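**Q** The following comprises the amino acid sequence and a computationally predicted model.
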Amino acid sequence: MKTLHIIWFVLLSISIFTSCEKEIDFDGETTESQLVLNSFITPDSTIAANISESQFFLNNDYLFKAVENAEVSIYCNGILKETMQHSLNGKYISATKPEVGDIVKLVVKVPEKEEISGETTIYPKANVLKLDSIVIWTGAKPIIETVNTVDNGLPKTETIVVGKYRFRTIRYILTFEDAANMKNYYRLVVSQTSSFEGKKKVNYDYTLDDIVSGNTKDLLPGIPAINESKNQFHVFTDELINGKTYPLSFTIRDTASIYLPEYQRPLPKKTVEIDLQSVCNNFYLFLKTRSDQQTASPLFSEPIQIFNNVNGGIGLVGSYTSNVVKVTL
Amino acid sequence: MKRNFLLCTIFLLVTVVVQAQNYTVSGYISDAKSSETLISSSVFDAKSGKGTVSNAYGFYSLTLPKSEVSLSYSYVGYRGEQRVFKLSKDTVINIQLQEATELKEVVVIANRKELGVKGSQMSAIDIPITQIKTIPALFGETDVLKALQLLPGVKAGTEGSAGFHVRGGGPDENLLLLDGVPVYNVNHLFGFFSVFNADAIKNVTLYKGSFPARFGGRLSSVVDIQMKDGNNKKLHGNFTIGLISTKINLEGPLFSDKTTFNISARRTYADLLAKPFMAMANSNSTTDKTSGGYYFYDLNAKISHRISDRDKLFLSTYMGDDVINVKNQYTYNSGSDNYSNSGSTNTYKRTDIDKVDWKWGNIISALRWNHLINNKLFMNTTAAYTRYRFNMGIGTDYESSTTSPVTYSKETTNVRYKSGIVDYSAKVDFDYTPNSNHDIKFGANYTFHTFRPGVLVARSKTIEDNSTERNDTTVGDKNVSSHETMMYAEDNISINRVVKLNAGLHYSSFIVQKQFYNSLQPRLGARVLLNDKLSLKAGYAYMSQYIHLLSNSNISLPTDLWVPVTKRIAPMKSNQYSLGAFYNLLNLFDISVEGYYKSMDNLIEYKDGASFLGSSTGWEDKVSMGRGWAYGIELMAQKTVGKTTGWVGYTWSKTERLFDREGEELNNGVAFPAKYDRRHNINIVLSHKFSEKFDIATTWTYSTGSCGTLALQNFAGTTLPGNYQTSSQYSCGYSSSSSQYNVYLPYVGSRNNYRYAPYHRLDVGMNFHKQRKHGIRTWNISVYNAYNQQNPFITMQNDRYTYDPATNTGKTTKKLTQYSIFPIIPSVSYSYKF
């Protein structure tokens, strides 16, 4: 049995320690770079677009090449509105402000390149009726601070409890009315501004947890093989709620600091912004496939083709219409 | 028209039934030493030129005119027997053939008369288990399915995997039958080994086209595996000790020669052998303790009982499981380290336990009754049960406490996941041989399926000082039941010496969730014998399939789920046409050329990004339906006689998919190559017997690389409106120039647009035999992937960072990296046969 152990160990070691990874040359066809057009259009704001060139996937350039000599034309409902002006690094700006219901088309001409174009329709604002919330306090943890003191002439480190963190789960119910007789696409963006952090706006890590919006909750945190791919950009359609009033529910987790009277500190003022965006079909598909692409495992899922609607090139011309509700915590 | 049809029918019936002055010779053909029945043995009357072959139970029936007959019984590798007598009444002759010891080196690849030059069946091949056992294998583990991968028209899936693709079909389009009962999960260890233990198997037949009407339910192939009945004369057995497993096989009479048994068991012991190393690692760590391991086992058992000359009973069973158990415990106590010496009065204790407990496997049981109704009509009745189940448990226990201030927290998470499929089935098959020109088979089958889609129960409990939070989540679908029935009739018709036909009809139906599907499937095979050495054959088969395997990975995972068709997902269908020429050269080589064209409809493919991984919820939304086609040419030259035996096979093939139905488009509705579309495939299998003491076998395989999808361009994804840093990113200190503001997005131009490097591998195996007092011992030394070819398992783009100390700068370059999983793997095994 001992001999068998040794044979097994030696042979297994030979197998394991033989290299199983190597760099190889790409022996397929090196594809040419293509023009990339990205523009996210919203009503009553001027239209901007970014134009760049795609790179072969083994190209080592860190930055994409910005296209600065393009002629970018804006058409609204088939009528030429203006030619966009280049501002910086491939960003083109205009004075055109589209309205809800407009069909906006961007046409890009670059010398020695094929013309590319993308089109979108501006969707009406989502009809938000009300916002309710339920706060559940889920636990607490002491706020521990370390204090350096001197005891009998010797330095001493002491930990003291100065207060407690209270954990809360806030479940919001955003009631909105879906417009009947048309296919609608939505995106929920929840962000927070804190008076303490330079009033910087940050997105919440939140979960959509109903059937309409698609469950984004991790069933088993830390076990990716079991979790479905995430709806990273929180997009959903009205497939199940067409023309109905619907209470969309989502949950954020938050912490409130409560200090003991002797250790009082100023508390930040937090503002939560809830933006239910009405997005066009193209933007919805782009966000969905981009989310899938970013969360998919190369071993366990089919490769993703990120949606693009640019004829002759790559990228997206999409639209969104915001409806923002603000809440102070 | 109706009248003509009626007249034809009457004429056929008359020719079949009315055969004046004919008598029938029938009986069983078996091995003289073990009484193991010999499948497809040849029976031939030299006087009339008529013949037949024994069926799957060794039974034959040959009806001849009243006259003197000269019957030759033969089975390659055995001495032939001859009986000359005057046939004047129905006669029963049971024949026992002696193994031809002087021909021991003869290895037969295709011994079935109906598969060779003279038979009407094409696109099928028998591989005797003796041949399979000589083929060198991964870790020395003889593997039936890996042997099949070496045949023309059969393509291996991922390196090492037991999954295979036949004539452009998917891995779930193969029907694997063990003693006539379907096996759903044929893999151990993620597909690197198959569940079929060669010691328990008598015969393997692969059908890849021109399917006889008795088979149905899958589009691409049928693998018919027969288990050994057991020796009725003497107790025999063998055992093998290999690198990763030990096998034992026993067979013999039970109580009397009327009852026999055959039992085989196999267990891997990587878990046992790893224990000392694990203990060593544990003893070196004060904080981590790991225990557990992986093993698989399987057990095949069969009892055969001869009730009378007309009745036999068989009870066979298979059970096997893969088991993974791992427990890792991490303990930390600050009181025992320097932290407490800093003057702090606090003691921090922490215990983390992670547990994994996976178990998956099959149970198959079949009770069969062979009954000889009369010497022309043989009946086999089977009641069977088959079950595949996957149970997975994952758990964590995290516990921590501090003494100053006093805090305590404990978090327990337990997750259990279960899935599987259970079938109860009953079938009856008849073999009717009215005369020597007809061999009719008919029968029916009913199967009650219960599909158990994945159900996941997740429970967690968190205690933070005095507060407790519990979560209890159950996700999954209800069991789905379905009824599958099938009926068939086929006739192997000898029209004259030159033309032979196999015509049949297969009818099947499937009821699921109040949805009824059915299909009538014609099958036809024809042979034209140009001369004794050369024949042409043609075949047509229409097939339908009612179940799908949801799988998302390159390897076979136990989470792969079988699901039935639904209202939205219709049954898959295929039409296959094949044409071939068969030639026997000098009685030494069998040479065949076959061409085929197969069209497939209602195929499913996963949508971009679709991932199942154990969840069938909403699976219909994650797949698209489309069609496909495959065509190719297969060449095979095999030598079945002599000291050197083996075959050379070459396949040229092409297979594509098209998903262009509205709302179901994949690849923008443009055709794309299937994942395992490999243009060229060459297999060489050779064995040479130098002496009774030493033989050597080698295989070499080459195939064009399989297809994968690479994003060949990257493009800029600008900041999304309303996208800021997330709160967790902000608290982690992400800067505003973090990656989400300069997003590299991959652009996938088309699916399966990249071809991996070609696959090739050489395996060599040597056997050293020695006669011992009670039996023969054999040392087997084999080398898998002898020249250490790094074959692609997956290829992906990676970033490589290099640092230049001279300039104190670093550089990141993009590289294409290929990962391989099996380098050169030598193995050794010892076996003893008595």
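**A** Thanks, I have it.
**Q** Identify the bridge partners of the closest residue to residue B:211 other than its chain neighbours.
**A** Using C-beta to C-beta, 6 or more residues apart in numbering or on different chains and skipping the chain neighbours, the partner closest in space to residue B:211 is residue B:541 (4.5 Å). (Glycine included, C-beta is placed from N, CA and C.) According to DSSP bridges, the partner residues bridging residue B:541 are residue B:523, residue B:576.
**Q** so residue B:541 touches residue B:210, yeah?
**A** Yes: Residue B:541 is in contact with residue B:210 according to C-beta atoms under 8 Å; the separation is 5.6 Å.
**Q** shared neighbours, these two?
**A** When contacts are counted by C-beta atoms under 8 Å, 6 or more residues apart in numbering or on different chains, residue B:541 and residue B:210 have B:523, B:524, B:576 as shared neighbours.
**Q** helix, strand or coil for the closest residue in space to residue B:357 that isn't next to it in sequence?
**A** In space, and not counting its chain neighbours, residue B:357 is closest to residue B:393: 4.0 Å by C-beta to C-beta, 6+ apart. Assigned by DSSP: H, G, I helix; E, B strand; the rest coil, the conformation of residue B:393 is strand.
**Q** How about the contacts made by residue B:393?
**A** B:355, B:356, B:357, B:358, B:414, B:415, B:416, B:417.
**Q** Which of these are buried, as a PyMOL select command?
**A** In PyMOL, a selection of the buried entries from those looks like this (16 or more other C-beta atoms under 10 Å in any protein chain shown):
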select buried, chain B and resi 355+357+358+415+416+417
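**Q** centroid residue for chain A?
**A** Compute the mean C-alpha point of chain A, and by C-alpha atoms, centre = their mean the closest residue is residue A:233, 4.3 Å away.
**Q** Reduced to three states, what does it come out as?
**A** Assignment for residue A:233 (three-state DSSP): coil.
**Q** I'd like the shared contacts of residue B:541 and residue B:210 written out as JSON lines, with pLDDT and neighbour count added.
**A** Converted to JSON lines, the shared contacts of residue B:541 and residue B:210 look like this (pLDDT from 0 to 100; neighbours: other C-beta atoms under 10 Å in any protein chain shown):
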{"residue": "B:523", "pLDDT": "95", "neighbour count": "24"}
{"residue": "B:524", "pLDDT": "94", "neighbour count": "19"}
{"residue": "B:576", "pLDDT": "96", "neighbour count": "26"}
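**Q** between these, which is closest to chain A?
**A** Nearest to chain A among these is residue B:576, at 26.6 Å by C-beta to the nearest C-beta.
**Q** just the helices in the stretch 601-750 of chain B please.
**A** B:727-731 (DSSP state H, counting those that start in this stretch).
**Q** thinking again about what came up before, and the residue nearest to residue B:357, how far is that from residue B:203?
**A** Residue B:393 sits 39 Å away from residue B:203, going by C-beta to C-beta, to the nearest Å.
**Q** cool, residue B:812 as well?
**A** In terms of C-beta to C-beta, residue B:812 sits 57 Å off from residue B:203.
**Q** Name the residue in the two with the higher neighbour count.
**A** residue B:203 (21 against 11; other C-beta atoms under 10 Å in any protein chain shown).
**Q** bridging residues for that one?
**A** residue B:128, residue B:226.
**Q** Quick one: residues contacting it.
**A** For residue B:203, the contact set (C-beta under 8 Å, 6+ apart) comprises B:39, B:126, B:128, B:129, B:225, B:226.
**Q** contacting residues around residue B:717?
**A** Taking C-beta under 8 Å, 6+ apart as the test, what residue B:717 contacts is A:38, A:290, B:743, B:744, B:745.
**Q** same thing with residue A:36?
**A** Contacts of residue A:36 (C-beta under 8 Å, 6+ apart): A:50, A:51, A:52, A:53, A:54, A:64, A:310, A:313, A:314, A:315, B:715, B:716.
**Q** Neighbouring strands of the helix or strand containing it in the sheet, and parallel or not?
**A** Here residue A:36 sits within strand A:35-41, counting by DSSP states H and E. Paired neighbours of strand A:35-41 in the sheet (DSSP bridges): strand A:48-53 (antiparallel), strand A:314-321 (parallel).
**Q** still on that earlier bit, state the pLDDT value of the residue nearest to residue B:357.
**A** pLDDT, residue B:393: 86.
**Q** Understood, closing this out.
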